[in-house]
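>>> starting from these lines, generate the structure:
(chains A and B)
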Amino acid sequence: MALIRRAAAGDQSALTALYDGTNRLVFGLVLRILGDHATAEEVLLDVYTQVWRQAASYDGARGTPATWLFTIARTRAIDRLRSGRLGDERRRPIEAAENEPSRLANPEESSLDAERRALVRSALGSLAPEQRRVIELAYFGGLSHSEIAARTGQPLGTVKTRVRLGMSKLSELLRPLAERQAAGSGGQPR
Amino acid sequence: MKHERATEETQERAALFALGSLSQHEARAFEEHLREGCPVCAADLRWQEEVVGALALAAAPAAPPAYMRDIVAARIEREGRPAAAPPPPAAPSARPFEAVQLPPPRPRSTILPWAVAAAVALAAGASYFSTRQAENQIQAERARIEEERSRAEQARARFETETSRTRAELEDLKTALGSPGVRFIALKGQKASAQIYWDTRRNRWLVAANLPPAPQGKVYQLWFLPPSPSAPIAAGLIPTDATGRGFTVVPVPSDLGKLSAAAITLEPAGGSGKPTMPIYAVGVAGL
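This next block holds a predicted model:
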């Protein structure tokens, strides 16, 4: 949070420090969405440029800095994905990225980060496969509900139900994560 | 219409909105609904967004190449302070070749500190020019050259199979940089830019271009522009990679006479004898 504020004030070293602390997570996300190293590098550059430009508009009340950063990264990556989807054959199927092993063990990664990631991965892994698939197609594939229906061959209503049930289950499973983060930052599902 | 309690339908809508999977029309309608102040959907959306925020952590971390850090730092440097970002330069748009008016060379005011350091290291050539203003301009140009070099470096890392060729390009750039007899031509277009380092001692142009990826069956071509009314002279093709970056070296014919500007056009594969397409980028020789 302090880094973003310093970046907003024009402190370039703050942006570099933010990059150092987050580039592996951001690049991992962008790479997972795009599946192409060179494009992911370009998007990575765009992401931090946008962070630099928009640091002043970051609103702590709307979410954690990490969520803000990931939202920018995902939006950028999916925009790129959609603009390049004209020739679909080049793209790696979204499913191919599932269950891939951690590409690199990073000795600097804090155990807290590793714990949080493990929690999210295991939560996703414990969903019913069809629920997990629709959520991954939406999140990593940037597909709309009707595109998901077309791709999976399921009726739209079924897709929506799976998304709802999957998200609800995830919310339960991820509750420890939410509680550890800023307390009182939002409601929970009933 | 505000909801009194969450239903399957309202939860589905909030979930799909949080995931960005509603159609544009539906998303706008939902935003409108939120603006009306529906507490049920606002609360739903809040926890759905938290879940979506956490999903990013499901992607396996991956380390980008080390040079990306330098590229990010250089980009930020060039951007300047967020609030003080300069408006994009008014660039000549692509227009018919005949209608071209060469823009005057723009003075470069931004001197990047990191590049100034590099320029100091290369100051041997700077004494060649006497005025302070000229020095500033050279330093700024060197900054651009340095940036171009880092781009070439990125390309080199990317295309490992082409390592030797790219090294040769880098060597060429370095050699040209160290030479006092270098003139510089900056080409600008709407979505295109290129830098030409005119190695006057060896009578050649080193061309680094950043262009939109060339469409199928088209190729970028470089032109010498002698003073009007002489016709443009084909200088060579600029091969570009998938991202539109290109580097080439073209010989400057010794019998060309006075030459003050350059232009790039997109031509049918193989190139043309005279320009047939609108200009992508154009620039005049500085200094």
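>>> now the helices for the stretch 151-287 of chain B?
B:163-178 (DSSP state H, counting those that start in this stretch).
>>> where does the prediction get shaky in it?
Across the stretch 151-287 of chain B, the ranges flagged by pLDDT under 70 are B:151-181, B:228, B:257, B:260, B:285-287.
>>> now the strands for it?
Using DSSP state E, counting those that start in this stretch, the strands found in the stretch 151-287 of chain B span residues B:182-188, B:193-199, B:204-210, B:218-225, B:233-238, B:245-251, B:261-268, B:279-284.
>>> elements contacting the fifth one?
Packed against strand B:233-238, as judged by 3 or more CB pairs under 8 Å, 6 or more residues apart in numbering or on different chains; DSSP states H and E, are the following elements: strand B:204-210, strand B:218-225, strand B:245-251. All C-beta spots, glycine's among them, are computed from the backbone N, C-alpha and C.
>>> any chance of those in CSV, plus distance to B:G273?
CSV is the format used below for those (distance: least, CB to CB, whole Å):
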stretch, distance to B:G273
strand B:204-210, 19
strand B:218-225, 10
strand B:245-251, 16
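>>> A:L165 is nearest to which of those?
Among the helices and strands packed on strand B:233-238, the nearest to A:L165 by CB to CB is strand B:245-251 (46.7 Å).
>>> list the beta-bridge partners for B:V284.
Per DSSP bridges, the residues bridged to B:V284 are B:A261.
>>> surely it meets B:P227?
No: assessed by CB atoms under 8 Å, B:V284 is found out of contact with B:P227, at 10.6 Å.
>>> A:R162 is nearest to which of the strands of the stretch 151-287 of chain B?
A:R162 lies closest to strand B:245-251 among the strands of the stretch 151-287 of chain B, at 43.0 Å (CB to CB).
>>> now the closest one - C-alpha only, PDB.
Below are the C-alpha coordinates for strand B:245-251, written out as PDB (Å, rounded to 0.1, in the frame of the first residue of the first chain):
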ATOM      1  CA  ARG B 245      10.200  -4.600 -34.600                       C
ATOM      2  CA  GLY B 246      12.900  -4.600 -37.300                       C
ATOM      3  CA  PHE B 247      16.500  -3.800 -37.800                       C
ATOM      4  CA  THR B 248      18.400  -3.500 -41.000                       C
ATOM      5  CA  VAL B 249      21.500  -1.900 -42.400                       C
ATOM      6  CA  VAL B 250      21.300  -0.300 -45.800                       C
ATOM      7  CA  PRO B 251      24.200   1.200 -47.900                       C
END
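>>> list the buried residues in that strand.
Neighbour counts over strand B:245-251 (16 or more other CB atoms under 10 Å in any protein chain shown) mark B:R245, B:G246, B:F247, B:T248, B:V249, B:V250 as buried.
>>> possible to save those residues as TSV with distance to chain A?
Shown next, in TSV, are the buried residues of strand B:245-251 (distance: CB to the nearest CB, whole Å):
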residue	distance to chain A
B:R245	11
B:G246	15
B:F247	17
B:T248	21
B:V249	24
B:V250	27
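>>> could you point out which of those is nearest to A:G142?
Taking CB to CB as the measure, B:R245 is the one of the buried residues of strand B:245-251 closest to A:G142, at 26.5 Å.
>>> tell me how many other residues surround the closest residue to that closest one other than its chain neighbours.
Leaving aside its chain neighbours, B:R245 sits nearest to B:N210 (5.7 Å; criterion: CB to CB, 6 or more residues apart in numbering or on different chains). Residues near B:N210, counting by other CB atoms under 10 Å in any protein chain shown, number 18.
>>> what of A:A2?
Here the count is done by other CB under 10 Å, and A:A2 has 10 residues near it.
>>> from B:E4, how far out is it?
A:A2 is 42 Å from B:E4, where distance means CB to CB, to the nearest Å.
>>> over to B:R201?
Relative to B:E4, and taking CB to CB, B:R201 is found at 82 Å.
>>> can you map out the helices along chain A?
Using DSSP state H, the helices of chain A run over A:2-8, A:12-34, A:37-54, A:65-83, A:111-125, A:129-139, A:145-152, A:156-173, A:175-180.
>>> for B:V284, the count of nearby residues, please.
Neighbour count of B:V284, defined by other CB under 10 Å: 15.
>>> so, low pLDDT: which residues of chain A?
A:1, A:85-112, A:178-190.
>>> does any bit of whichever strand or helix holds B:C41 sit next to chain A?
Counting by DSSP states H and E, the element that carries B:C41 is helix B:39-55. Yes: contact of helix B:39-55 with chain A (CB under 8 Å from any CB of the partner chain) involves B:A43, B:D44, B:R46, B:W47, B:Q48, B:E49, B:E50, B:V51, B:V52, B:G53, B:A54, B:L55.
>>> can I get the residues you listed in JSON lines with pLDDT and neighbour count?
Listed next are the residues of helix B:39-55 next to chain A as JSON lines, based on pLDDT from 0 to 100; neighbours: other CB atoms under 10 Å in any protein chain shown:
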{"residue": "B:A43", "pLDDT": "91", "neighbour count": "17"}
{"residue": "B:D44", "pLDDT": "90", "neighbour count": "25"}
{"residue": "B:R46", "pLDDT": "87", "neighbour count": "17"}
{"residue": "B:W47", "pLDDT": "86", "neighbour count": "25"}
{"residue": "B:Q48", "pLDDT": "90", "neighbour count": "27"}
{"residue": "B:E49", "pLDDT": "88", "neighbour count": "20"}
{"residue": "B:E50", "pLDDT": "86", "neighbour count": "24"}
{"residue": "B:V51", "pLDDT": "90", "neighbour count": "27"}
{"residue": "B:V52", "pLDDT": "91", "neighbour count": "24"}
{"residue": "B:G53", "pLDDT": "87", "neighbour count": "23"}
{"residue": "B:A54", "pLDDT": "89", "neighbour count": "25"}
{"residue": "B:L55", "pLDDT": "93", "neighbour count": "24"}
